[in-house]
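J.: Next one to model:
(chains A and B)
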Number of protein chains: 2
Amino acid sequence: MKENLEQIFISEINPYKDSKFLLAVSGGVDSMVLANLFLSNKLDFSIAHCNFQLRGKESESDQKVLSDWCEINNIEFFVKKFNTKDYCKEQKLTVQMGARKLRYEWFGSFIEKGKVDFIVTAHHLDDQLETFIINSIRGTGIEGLLGIPNNVNNIIRPLLMTSKNQIIQYAELNKINYNEDSSNEKEDYLRNKIRHSVIPYLKSDDKNVLLKFRTTIKNLNKTSIFIEHVCAEWKEINFFREGDTIITNIYELENLFPRDFYIHELFKEFQFNYKEVIKLFDSDSGKYISSPYYKMTKNKNTLIITKINND
Amino acid sequence: MKENLEQIFISEINPYKDSKFLLAVSGGVDSMVLANLFLSNKLDFSIAHCNFQLRGKESESDQKVLSDWCEINNIEFFVKKFNTKDYCKEQKLTVQMGARKLRYEWFGSFIEKGKVDFIVTAHHLDDQLETFIINSIRGTGIEGLLGIPNNVNNIIRPLLMTSKNQIIQYAELNKINYNEDSSNEKEDYLRNKIRHSVIPYLKSDDKNVLLKFRTTIKNLNKTSIFIEHVCAEWKEINFFREGDTIITNIYELENLFPRDFYIHELFKEFQFNYKEVIKLFDSDSGKYISSPYYKMTKNKNTLIITKINND
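T.: Numbering: from 1, shown residues only, chains lettered A, B, ... in the order given. I've put the predicted structure just below:
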């Protein structure tokens, strides 16, 4: 990579620099480098650590290293123990899916309570390439290829354009302590195959694979912004808002091309399935569909979106 | 795959069924299955075979098998020998790049002379996945990920949504003769690594990898159509055409968002570099840039695109 890690970090974090951050730190090299960058750049942050109790004594030692670091550097430290295995059994989730859910629910509560402005994670370009390959062979669209979005839902990822190698080099150069192998994604079988076999194999002939892949991600990001912008402009003209209610004309929707793609993009924020939306076009007035938070009702030649009151 | 190969083939070829086709046939299983599908569906086609003289006697035997097949089935057969190695040396191209260039130039000449309506190739879903991975780690955008476009420049690829496995099964079931290993891409080192190591490894845990990947390709195709359509609509309004000349307003271009992406998309058909187009915005009147076939001249607050007369 041409720029060094600290330069990339500063340009990524700069738009938010006066905010209050909560760093998700496992104690591994990625998140310890992240914590040290926040410290050396004098940003206002605290640290949150999930102890998933998946690796016995190791889990406890991860936590100890981290709490010591916070004490020495006078950084506020939050820690939460999860009975991950029981939770995943109950919820019928794989361990990595359960752990992810627990993690983001807990982090989200800090935002909801107004304690911090942004959650920060240490995801990097190697993670991004893994996700790209995994999602492409699972069937996805451009969002899935981008996989780990930067700056969505108050989560920012300032290391997303730097490689694992850069992170390790930075840690060595700056004598940063970290726990080896503190990942909670060890149990993700496919990710591990990609991480430990496919990507090293792709890198073996061309050291610049990640630098070039970054170009792909940048291009797809631009495409994604373009799509969002075109759809936002369409909504501006065709979504009539009255309080929490949105009314839109079916005739205008039917004329869109390519229709399926547009309908998916226009209504994904409400979590409606685009095929169900299209079915409503020809339904009787009064017919409706629901998503977790919204209801969409056909009324003559319009669709009416209302919030569902979940209280 | 849920549908069988012949069903997919028919639905893909149906829009063109009354055309005259030229099939690019190497003699390998993919192109021999393609030829047999054209034959059994009674389409109007002839066959073109490139003898790149890269594999000595094998090259000759490939050609013989194919000319016999054409004679038996009364199909017009075109063959051309290329001194590929000399050509690549002269042109400073890799063998696979040189061979591709020679092949498409020759095929293109059939279209130009009006002898056929469409060139047909036997590219399939496995090729598509290889190209997807290769281009993603070389740095690309959505077009590069799609890699092998269907139906561009009079080239159609009716097997693009079927897997290599389906093709082999079809060949066995229908007792189709073909030459083993008649690929001319053997020398593409990275493609071979992906073909023989990465993809089998990805498939080893999940037999449906290709079926799921097809969903990714379909989604990206829709995205690509969306982008094209939005840009075509914009051109419809903002490109003023007078004969072969196009005039467009710089102020309108400057207001586009995201600007780089839009400028790239709007002017790629003329093969202008978007960065050079943007530089013209602030240049003096009379300043111009050139691509192989077009010239773009700044004139007050407009850009004027004219064809270059290459005669």
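J.: Shouldn't residue A:90 be within a helix?
T.: Yes - judged by DSSP: H, G, I helix; E, B strand; the rest coil, residue A:90 forms part of a helix.
J.: residues near it, how many?
T.: 10 (other C-beta atoms under 10 Å in any protein chain shown). Heads up, the C-betas are built off the backbone N, CA and C, glycines and all.
J.: before we move on, what about residue A:307?
T.: 13.
J.: who touches it in this structure?
T.: By C-beta atoms under 8 Å, 6 or more residues apart in numbering or on different chains, residue A:307 lies in contact with A:244, A:293-295.
J.: same deal with residue A:261?
T.: B:222-223, B:225-226.
J.: Taking those residues together, which two end up most distant?
T.: Maximum pairwise distance among the contacts of residue A:261 (C-beta to C-beta): 7.4 Å, between B:223 and B:225.
J.: returning to what we had before: among the contacts of residue A:307, who's most crowded?
T.: For these, neighbours tallied by other C-beta under 10 Å; top is residue A:294, 18 neighbours.
J.: Need the contact partners of the strand ranked longest in chain A.
T.: Ranked by residue count, the top strand of chain A under DSSP state E comes out as strand A:44-51. The contact list for strand A:44-51 (C-beta under 8 Å, 6+ apart) reads A:18-27, A:35, A:38, A:59-60, A:62-63, A:66, A:70, A:75-82, A:99, A:102-103, A:106-107, A:110, A:116, A:120, A:184.
J.: so can I have TSV of the contacts of residue A:307 showing secondary structure and distance to residue B:190?
T.: Compiled in TSV, the contacts of residue A:307 are given as follows (DSSP: H, G, I helix; E, B strand; the rest coil; distance: C-beta to C-beta, whole Å):
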residue	secondary structure	distance to residue B:190
A:244	coil	53
A:293	coil	46
A:294	strand	47
A:295	strand	51
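J.: and chain B, which of these reach it?
T.: Contacts with chain B are made by none of these, judged by C-beta under 8 Å from any C-beta of the partner chain.
J.: TSV please, covering the residues you listed and showing pLDDT.
T.: Listed next are those as TSV, based on pLDDT from 0 to 100:
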residue	pLDDT
A:244	90
A:293	91
A:294	95
A:295	96
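J.: on that earlier part again, among the contacts of residue A:261, name the buried ones.
T.: Neighbour-count burial (16 or more other C-beta atoms under 10 Å in any protein chain shown) applied to the contacts of residue A:261 gives B:222-223, B:226.
J.: Keep only these that also lie close to chain A.
T.: B:222-223, B:226.
J.: In helices only, show me those residues.
T.: Cross-referencing those against helices under DSSP state H gives B:222-223, B:226.
J.: Now pLDDT and distance to residue B:12 too, for those, in TSV please.
T.: What follows is these, written out as TSV (pLDDT from 0 to 100; distance: C-beta to C-beta, whole Å):
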residue	pLDDT	distance to residue B:12
B:222	93	17
B:223	95	20
B:226	96	21
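J.: What ranges does chain A have for its strands?
T.: In chain A, the strands defined using DSSP E lie at A:20-24, A:44-51, A:77-81, A:118-120, A:155-156, A:240-242, A:245-249, A:288-290, A:294-299, A:302-307.
J.: Among the ones you listed, pick out the one with the most neighbours on average.
T.: strand A:118-120 (a mean of 24; mean count of other C-beta atoms under 10 Å in any protein chain shown).
J.: Can you tell me, leaving aside adjacent residues, what's nearest to whatever residue of the stretch 1-150 of chain A ends up closest to chain B?
T.: Closest approach of the stretch 1-150 of chain A to chain B (C-beta to the nearest C-beta) occurs at residue A:139, with a separation of 3.3 Å. Counting by C-beta to C-beta, 6 or more residues apart in numbering or on different chains, residue A:139 lies nearest to residue B:215, which is 3.3 Å off, once chain neighbours are set aside.
J.: And the pLDDT at the one you found?
T.: At residue B:215, the model reports a pLDDT of 95.
J.: Which part of the stretch 201-311 of chain A gets nearest to chain B, residue-wise?
T.: Counting by C-beta to the nearest C-beta, the stretch 201-311 of chain A gets nearest chain B through residue A:215, at 3.3 Å.
J.: Tabulate the ones next to chain A among the buried ones among the contacts of residue A:261 (CSV), appending distance to residue A:303.
T.: Rendered in CSV, the data for these read as follows (distance: C-beta to C-beta, whole Å):
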residue, distance to residue A:303
B:222, 22
B:223, 24
B:226, 21
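J.: isn't residue A:174 right up against residue A:35?
T.: No - between residue A:174 and residue A:35 there is no contact under C-beta atoms under 8 Å: 11.6 Å.
J.: So the two - more neighbours on which side?
T.: Using other C-beta under 10 Å, the more surrounded residue of residue A:174 and residue A:35 is residue A:35, with 24 against 12.
J.: Verify the stated contact: that one with residue A:25.
T.: Yes - under the criterion of C-beta under 8 Å, residue A:35 makes contact with residue A:25 at 5.5 Å.
J.: Quick one: name the residues of the stretch 101-250 of chain A near chain B.
T.: Proximity of the stretch 101-250 of chain A to chain B (C-beta under 8 Å from any C-beta) is limited to residues A:129, A:132-133, A:135-142, A:144-145, A:189-190, A:193, A:197-198, A:201-202, A:205-206, A:209, A:211-216, A:219-220, A:222-223, A:225-227, A:229-230.
J.: And these, which of them are buried?
T.: By 16+ other C-beta under 10 Å, these give A:129, A:132-133, A:135-142, A:144-145, A:193, A:198, A:202, A:209, A:213-216, A:219-220, A:222-223, A:226-227, A:229-230 as buried.
J.: Among the residues you listed, which ones are in helices?
T.: A:129, A:132-133, A:135-136, A:142, A:144-145, A:193, A:202, A:209, A:213-216, A:219-220, A:222-223, A:226-227, A:229-230.
J.: returning to what we had before: quick one: residues contacting the residue of the stretch 1-150 of chain A closest to chain B.
T.: Residue A:139 sits next to B:211-216, B:219 when contact means C-beta under 8 Å, 6+ apart.
J.: Quick check: the two most widely separated of those?
T.: B:211 and B:219 (13.7 Å).
J.: that older thread, so what are the sheet partners of the longest strand of chain A and their directions?
T.: With DSSP bridges as the test, strand A:44-51 is paired with strand A:20-24 (parallel), strand A:77-81 (parallel).
J.: and those strands as CSV, adding mean pLDDT?
T.: Shown next, in CSV, are these (pLDDT from 0 to 100):
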stretch, mean pLDDT
strand A:20-24, 97
strand A:77-81, 94
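J.: would you turn the ones you listed into TSV with distance to residue B:281?
T.: Rendered in TSV, the data for the strands paired with strand A:44-51 read as follows (distance: least, C-beta to C-beta, whole Å):
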stretch	distance to residue B:281
strand A:20-24	38
strand A:77-81	50
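J.: between these, which gets nearest to residue B:254?
T.: Judging the strands paired with strand A:44-51 by C-beta to C-beta, what sits closest to residue B:254 is strand A:20-24, at 35.6 Å.
J.: CA atoms only: put the closest one into PDB for me.
T.: Provided in PDB are the C-alpha atoms of strand A:20-24 (Å, rounded to 0.1, in the frame of the first residue of the first chain):
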ATOM      1  CA  LYS A  20     -17.300  10.200  21.300                       C
ATOM      2  CA  PHE A  21     -16.300   6.700  20.200                       C
ATOM      3  CA  LEU A  22     -16.800   3.200  21.600                       C
ATOM      4  CA  LEU A  23     -14.100   0.800  20.300                       C
ATOM      5  CA  ALA A  24     -15.000  -2.900  20.000                       C
END
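J.: Identify the residues contacting it?
T.: A:31, A:34-35, A:38, A:43-48, A:50, A:78, A:103, A:107, A:110, A:115-122.
J.: Tell me where the stretch 201-311 of chain A is predicted with low confidence.
T.: When residues are selected by pLDDT under 70, those of the stretch 201-311 of chain A lie in A:310-311.
J.: One more pass at 90, please.
T.: Residue ranges of the stretch 201-311 of chain A with pLDDT under 90: A:205-207, A:309-311.
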